[in-house]
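Asker: Prediction below, plus the sequence it came from.
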Amino acid sequence: MKLLKNLLKSPMFVIGALLFLSTLLIALLGPVFYKVTMERVGAQYGAPTAQFLLGLDDLGRDYVSLLLRGLRSSLFVGLLAGVIATTIGTLVGIYGGFRGGVVDDVLNMLTNLFVVIPSFVVLILISASFKEGRSLTLIGVIIGMTTWTWSARAVRAQSAALKSKDHISLAKLNGDSTLRVLLVHILPYIFSYVFMVFILQVSSGILSEAAISMIGLGPLDTVSLGTILNQAKNTGALGDGIWWAFIPATVVITLLVFALYLINTSMEGVFNPRLRK
Amino acid sequence: MQNDILFEAKNCACKFGHGKKVVKAVDDVTFDIKDGEIVSLVGGSGCGKSVLAKMMLGLHHPTSGAFTYKGEPITDYQVHWREVQAVFQDPFSCFNQFFTIRSQLKSAFGIYKEKPSNFEMEDRVDQALLAVNVKPSEVEGKYPFELSGGQMQRMLLARIFVLRPKVLIADEPTSMVDACVRANILDYLMKLKEELSMTIVFITHDIGLAYYVSDRLFIMHKGKIIEQGAPDDVTQRPKSEHTVQLLEDIPEIHKEWIKR
Amino acid sequence: MAIFEVDKLSLHYLTRFGQKIHAVTDVSFSMEQGEILGIAGESGCGKSTLVNGLMGLFIPPLYPTSGDVRVGGESLMGRTPEDVRASVLSRKVSMIPQGAFNALNPTRKVKDIAADVMAAHLKGVDKKQIYERLKDRFDLFGMDTKRVLNSHPIQLTAGERQRSVIGISTLLNPQMVIADEPTSALDVTTQKVVIKMIFDLLEKGIFSTMIFITHELPLLRHVANNIAIMYAGEIVEKGTAEQVVFDPRHPYTKALMGAMLSAEPGQKHRKPTAIEGAPPNLANAITGCRFAERCPSVCAECKQKKQEIRIVGERQVRCDYAK
């Protein structure tokens, strides 16, 4: 509770959280107030009008509808990738840091291997190999499976620092199993770090999806902010000066990621006493 | 069964690090600890006394020499910890700050293969709290940070009253508390010995405290046990220079300490 | 003439719920040049709060209730922490804190930490001069100056760290030093080394007057000229070191002495007696004697009547029944 109070004192956090919450609300409640339609409603790349505020796309679809749909997809992909990456990373990191020795060395090597291999290249290769059925969920899973190394590294250091603490010794003397020690005696102490990493993983998931869709390897089953940009690129909207084809989507992605980064940095200031000053 | 040997170490050492940076925390120690006695390990900071204590608990392992409990090397720690338990220096760092003290005292039963019934567990926690002069209602629903240092040190001891192990390793339980609480804690240690005939290994840097509680004193310096014997022998006829030093360093009220 | 005077000082903390906790009540004493006053008591008796009050450092939630603190006749009350830091601390009154580990920034070398502290007090002195001064001073203590100054705190032993802290906080030759449990985190051998250093500083005239705070009465017997015993925010007994240690008159001081242990021959079977019970809650108003609940010689009257300081056997005692 005190933590939340401190967080609310930080203007960065308040701005970030409000921004993120409003995008979330727009994505969830937007379709309730705005008639979302994927049908053709006008001419190709029709300019913004009072009825269609952000104009029409290549296929004559309404951009506001597309953005609402796309925002929802991006949030979904980001959260899915974030949950997967944070879970894998936390498990690998917490166990490696706690066990130390050979187990830690092996897990560390595995982590470093994933760090060295550019995950984006792996992402492209895997996505490209799925010609059929490349769904949004699949992309989220792939992103999550390739970017967990951040979490693993952050959590490993924390877990290693905690393992020699007295309360861990005492938990062992209580006969607690390794799993219980990890979940009950280490995880709560590093939860703030895990949460911070989770925020970063979500934003990186959103960015990765946008990037991979942009180059044409995005989901085939739905619209995402990335596929909107891809379509704009493919039809040469950029060269023709059709600003409503790419600027609104770019602004939405930027705002979303910016909000998450604001939350992350402000949390670091509150969680880390050394930076508190 | 008095005077059975519990711990026995022959030329035991415990090293940390590799290559040139090897630190011999415990270096070639030979000793035994008998059933029912209070032995004090005395030495300055960094003398290896805490590492030796953790070896007895099985939290560190000897790198050479033979170290046995009841004649056998320690292999199954779950079994070992049913008989050998510990209290540490800083009680605040010993408890998980996210759970209530009572629930953590109860979780000590985890060391048993078969836990007693819930009613018996609650009852034993109540009894243990009363044994350290704390009314169970005083700590009901309390978290570690809500109690004072002296109370927390008692909670650590209450955990020992809950488990009633055969051996207690007390690693500097008095170095972070003031004189009043210190006398209190020593009282409880004596109570554990007298009422539950517990064997106690008491670790301290203050030879004065050690003299008061123990049946035998081990003086440690740079990883070695340089002197062992009965408290009166060691304090009145110290054989090593270091022991003389330790004795001189305690500010006694009746003795010249530092000239001004 | 007294160089340091404390006049009926009372301090309180303000909790988040607006409750006042009266941590220090009605403390008065004055110190002459060259005096070493020891203050002893259990943890939570208000010793550390008193230290902040004595230095005029009122940082919320700590507030002065009433009373005055005067250094060389100049009052410290009603001034901002910045003003006190700039004009009083380090020059007139300097503090040696409890844990040397917390006092030193782990990411900086000892000499840089010292330079930072000095730069805050001496305007327009360059780093080189500060290093020179630091080197001379550390040489004076017989420390391994070069190595210590160029080390990070973590590379030093606990004793070296504490001696560095003392060296830095006395660099400006303060008139008076307040030492708040400077040795309680150390082992007995290191404690002696640190105390020797403090005596060395006194002998060399780097400072002459000191308040030494600890819970170890036997240590105070060797360090202090005069001892004040605190209980629940009040001074309950004050006299010379010999008077208080060998012939305590207040029941609390007696109990405190009973809790001490020693390795003196023939003492092995003397049981130290702990004081049962706990000090009163200082958030409540207390009418009678604060020690009444735990006092072995309590009577009906002292539970009701507030005890005042009176002179018994040439020392101050806050107990109407002390003989």
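Answerer: It's in.
Asker: any idea which helix or strand carries residue A:196?
Answerer: helix A:187-214 (DSSP states H and E).
Asker: which helices and strands sit right next to that helix?
Answerer: If you count contacts as 3 or more Cβ pairs under 8 Å, 6 or more residues apart in numbering or on different chains; DSSP states H and E, helix A:187-214 packs onto helix A:63-99, helix A:119-129, helix A:136-146, helix A:149-162, helix A:225-234, helix A:247-271. C-beta here means a position set from N, CA and C on the backbone, and glycine is covered the same way.
Asker: Pull out the buried positions in that helix.
Answerer: A:187, A:189-190, A:192-194, A:196-214 (16 or more other Cβ atoms under 10 Å in any protein chain shown).
Asker: just stretch A:226-243 next, same as before
Answerer: Going by 16+ other Cβ under 10 Å, stretch A:226-243 has these buried residues: A:226, A:227, A:228, A:229, A:230, A:231, A:232, A:233, A:235, A:237, A:242.
Asker: what is the rounded mean pLDDT of it?
Answerer: Stretch A:226-243 carries an average pLDDT of 80.
Asker: hmm, who's touching it?
Answerer: Residues outside stretch A:226-243 that contact it (Cβ atoms under 8 Å, 6 or more residues apart in numbering or on different chains): A:45, A:55, A:57-58, A:63, A:66-67, A:70, A:74, A:209-216, A:218-219, A:245-246, A:249-250.
Asker: which of those count as buried?
Answerer: A:45, A:55, A:57, A:63, A:66-67, A:70, A:74, A:209-214, A:218-219, A:245-246, A:249.
Asker: On the C-terminal side of the lowest-mean-pLDDT helix or strand in chain C, identify the next helix or strand.
Answerer: In chain C, the helix or strand scored least confidently by mean pLDDT, DSSP states H and E is helix C:100-103, which has a mean of 62. Of the helices and strands lying after helix C:100-103 in sequence (DSSP H and E), the nearest is helix C:110-121.
Asker: Tell me where the stretch 51-200 of chain B has strands.
Answerer: Counting by DSSP state E, counting those that start in this stretch, the segments of the stretch 51-200 of chain B that form strands are B:64-69, B:72-73, B:84-87, B:167-171, B:199-204.
Asker: Would you check the distance separating the shortest one from the middle of the chain?
Answerer: Using Cα atoms, centre = their mean, to the nearest Å, the distance from the centre of strand B:72-73 to the centre of the chain it belongs to is 21 Å.
Asker: show me where the stretch 101-250 of chain C has strands.
Answerer: Under DSSP E, counting those that start in this stretch, the stretch 101-250 of chain C gives strands at C:176-180, C:209-214, C:226-231, C:234-240.
Asker: List the buried residues for the last one?
Answerer: By neighbour count on 16+ other Cβ under 10 Å, the buried set for strand C:234-240 is C:234, C:235, C:236, C:237, C:238, C:239.
Asker: Up against chain A, what does chain C have?
Answerer: Within chain C, no position is near chain A by Cβ under 8 Å from any Cβ of the partner chain.
Asker: in chain B, which residue is closest to the centre?
Answerer: For chain B, residue B:170 is the residue whose C-alpha lies nearest the centre (Cα atoms, centre = their mean; 1.3 Å).
Asker: separation between it and residue B:218?
Answerer: 14 Å (Cβ to Cβ, to the nearest Å).
Asker: shaky segments in chain A?
Answerer: A:1-3, A:271-277 (pLDDT under 70).
Asker: picking that back up, can you lay out the strands of the stretch 101-250 of chain C as TSV showing distance to chain B and mean pLDDT?
Answerer: TSV is the format used below for the strands of the stretch 101-250 of chain C (distance: least, Cβ to the nearest Cβ, whole Å; pLDDT from 0 to 100):
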stretch	distance to chain B	mean pLDDT
strand C:176-180	14	91
strand C:209-214	9	93
strand C:226-231	11	94
strand C:234-240	14	93
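Asker: tell me the centre residue of the chain?
Answerer: By default, I'm working from chain A. residue A:202 (1.7 Å).
Asker: That was the other one, I meant chain C.
Answerer: residue C:213 (3.0 Å).
Asker: ok, what's across the strand from that one?
Answerer: residue C:39, residue C:180 (DSSP bridges).
Asker: Would you map the helices across chain B?
Answerer: B:49-57, B:77-83, B:91-94, B:101-107, B:118-131, B:136-139, B:149-163, B:179-196, B:207-213, B:231-236, B:241-249 (DSSP state H).
Asker: For these, give me CSV that also has mean pLDDT.
Answerer: Output for those, formatted as CSV (pLDDT from 0 to 100):
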stretch, mean pLDDT
helix B:49-57, 90
helix B:77-83, 90
helix B:91-94, 86
helix B:101-107, 91
helix B:118-131, 92
helix B:136-139, 88
helix B:149-163, 89
helix B:179-196, 86
helix B:207-213, 85
helix B:231-236, 88
helix B:241-249, 88
